[in-house]
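>>> sequence? don't have it. structure:
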């Protein structure tokens, strides 16, 4: 049995909510509204993650200084870092833990939109929501997928630009900004309904980050801790 099958009770609830919405609006729009509603419910976690990331950026120069000062003594470095975070009432994990707590919700929505069900028989622009791009058989259907991928690429571009402006000494840092376009590749592997979910949730994330991080200065020196996403 798949590990994701453990989420089936929650998936059934999500299905019923989307199906209820689909009685008053088109199913594709119901998926968008449902995804937006879930993201709104998770917004407090995003705010917590933003506070953690702002604290990391604020402390980055001091962390870098401590790493340089104690680079030959890992034990003193860890003690100094622990004292710094304790004094500042911050945590190097404050930004990532709220994001990890969101994973179950995202897994439920992913399973809902990739597991065969009656919702996927509905259409968007004449394309069944359960159809993969490899199954298209006409130019109009291909154009629907092309528009979806173009929109995902546009959202990815905003993430790419932000990542390029945020210095980091994380391994493979030069490649990290390009991960913003990963949703385009992932969308090509899932049906249209899941692609709509990806577009809605990534667009929400981009808007949310712009709102929560407005006015946040970018440090001149790269932080010593990899950014939490």
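Looks like it arrived, so ask away. Values in this document were obtained by computation on a predicted structure and should not be read as measured data. Numbering: from 1, shown residues only.
>>> measure residue 23 to residue 33 for me?
According to C-beta to C-beta, to the nearest Å, residue 23 and residue 33 sit 13 Å apart. Placement of C-beta: from N, CA and C, glycine included.
>>> again with residue 164
Relative to residue 33, residue 164 is positioned 33 Å away (criterion: C-beta to C-beta).
>>> the more surrounded of those two?
residue 33 (16 against 13; other C-beta atoms under 10 Å).
>>> wait, that one touches residue 21, no?
Yes: shown here, residue 33 and residue 21 form a contact pair, counting by C-beta atoms under 8 Å, at 5.8 Å.
>>> between those two, what contacts are shared?
When C-beta atoms under 8 Å, 6 or more residues apart in numbering defines a contact, no residue borders residue 33 and residue 21 alike.
>>> give me the low-pLDDT residue ranges for this protein?
Under the criterion pLDDT under 70, the flagged ranges of the chain are 1-4, 92-98, 163, 165-174, 176-177, 215-229.
>>> 50 instead, please
Scanning the chain for pLDDT under 50 picks out the ranges 218-229.
>>> could you pull out the strands for it?
123-124, 127-128 (DSSP state E).
>>> list of residues touching the first one?
So that's strand 123-124. 26, 27, 28, 129, 144, 192, 196.
>>> of those residues, which is the most crowded?
When the contacts of strand 123-124 are compared by neighbour count (other C-beta under 10 Å), residue 192 ends up highest, at 28 neighbours.
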